[in-house]
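Predicted model and sequence follow; I will ask about them next.
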Amino acid sequence: MINLTDSALNAVRTAMAGALGPVLGLRIMVESGGCAGYRYMMGLVPEANDEDDVVEREGVRVVVDPKSRMLLDGTTIDFVVALQGSGFTFENPNANKSCSCGKSFG
């Protein structure tokens, strides 16, 4: 299961409220690439595929495809505001290594 902090939930709600079209929720997935082997990908989606897992927390739906499910299980996603910039961070217990940007893991 993927966990979103209150800050991440608020950031997703803000993005959903500003979306131009219909939004089911936030898709979180893993793709090959990045400097550590895999990279996190996120985006608002209007619907889920039949094989996707859809989990809801406090009105925010998170959509995860079967390929990414095992790599993301137990991950906590936060939204951090800092002097260097704002963005989502990932605390993934399945990552053996990660890069300095925090958007890639292996």
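On my side now, so go ahead.

quick one: average confidence on stretch 79-89?
The average pLDDT within stretch 79-89 is 86.

I misspoke; the intended subject was stretch 65-72.
93.

which residues sit against stretch 66-81?
Contacting residues not belonging to stretch 66-81 are listed as 1-5, 7-8, 10-11, 28-30, 38, 51-53, 64, 86-94 [Cβ atoms under 8 Å, 6 or more residues apart in numbering]. Every residue, glycine included, has its C-beta placed from N, CA and C.

In the helix or strand where Ala8 lies, which residues are buried?
Under the criterion of DSSP states H and E, Ala8 resides in helix 6-17. Using 16 or more other Cβ atoms under 10 Å as the test for burial, helix 6-17 gives Ser7, Ala8, Leu9, Ala11, Val12, Met16.

ok, then the element right after it?
Following helix 6-17 toward the C-terminus (DSSP H and E): strand 25-33.

Give me the helices and strands touching that following strand, please.
helix 6-17, strand 37-45, strand 60-64, helix 66-72 (3 or more Cβ pairs under 8 Å, 6 or more residues apart in numbering; DSSP states H and E).

got CSV for the ones you listed, with distance to Phe79 too?
Shown next, in CSV, are the helices and strands packed on strand 25-33 (distance: least, Cβ to Cβ, whole Å):
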stretch, distance to Phe79
helix 6-17, 4
strand 37-45, 11
strand 60-64, 12
helix 66-72, 17
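
number of nearby residues for the closest residue to Asn94 other than its chain neighbours?
The shortest distance from Asn94 to any non-neighbouring residue, by Cβ to Cβ, 6 or more residues apart in numbering, is to Leu71 (5.6 Å). Look at Leu71: counted by other Cβ atoms under 10 Å, it has 16 neighbours.

likewise Phe88?
With other Cβ under 10 Å as criterion, Phe88 counts 20.
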